[in-house]
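>>> Provided below are the primary sequence and the corresponding predicted coordinates.
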Amino acid sequence: MADEQETEDPGPAGPLLRLVSDRRVAFLIVGSINTVVGFGWFVFFQLTVGQWWGYMVTLCFAHVAAVLCAFVLYRRFVFRVQGNVLVDLARFESVYLVALAVNAVLLPLLVEIGGVEPIIGQALIVFVTTILSYVGHSRFSFRRAPQD
């Protein structure tokens, strides 16, 4: 299993990976920070613009803020890749668009059908989108061709 992970070559080690020696653990540490920050953005926007424009607008605002923060954190501390920042950001965002689509389906189901408050619903969805993010980022966003 370890050999399989090495041949996938998701990019050079970031500084955090040198401390914990397992990319999954480094991803979870940064992901935990990012989850708290991203959820904080959702709460902030829900308590401000969400009051007038609704929780789906909140979701979009929080998505943009959280993606930009997460991109910097993952690119700097976990994957530490070189190359075109805008290309990496586009790839990164494409993974998060999948998570956003899942979120955009689940959140209204929880709120409208399940009767859950939007902030609670978002807290529940975070677990699903975290798994999607790890798989997408490790296998696509920051992947580099193996060095010859």
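Cool, got the structure.

>>> please report phi then psi for the residue nearest the centre of the chain.
Residue closest to the mean C-alpha point of the chain, counted by CA atoms, centre = their mean, is S133 at 4.9 Å. When read as degrees, to the nearest 10, the backbone of S133 gives phi -60, psi -50.

>>> contacts only, for it.
31, 70, 95-96, 99 (CB atoms under 8 Å, 6 or more residues apart in numbering). In short, each C-beta sits where N, CA and C put it, glycine included.

>>> again, but for E117
Neighbours of E117 in contact, by CB under 8 Å, 6+ apart: V111.

>>> if we can go back for a sec, looking at the contacts of S133, which are in helices?
31, 70, 95-96, 99 (DSSP state H).

>>> which one of these is nearest L47?
Among those, A70 lies closest to L47 (CB to CB), at 21.3 Å.

>>> and the ones in helices among the contacts of S133 as TSV, adding neighbour count, pLDDT and distance to L124?
Output for these, formatted as TSV (neighbours: other CB atoms under 10 Å; pLDDT from 0 to 100; distance: CB to CB, whole Å):
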residue	neighbour count	pLDDT	distance to L124
G31	21	83	17
A70	22	88	19
V95	22	84	20
Y96	23	85	18
A99	21	85	14
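
>>> distance to T48 for the residues you listed - can I get that in CSV?
Converted to CSV, the ones in helices among the contacts of S133 look like this (distance: CB to CB, whole Å):
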residue, distance to T48
G31, 25
A70, 21
V95, 27
Y96, 22
A99, 23
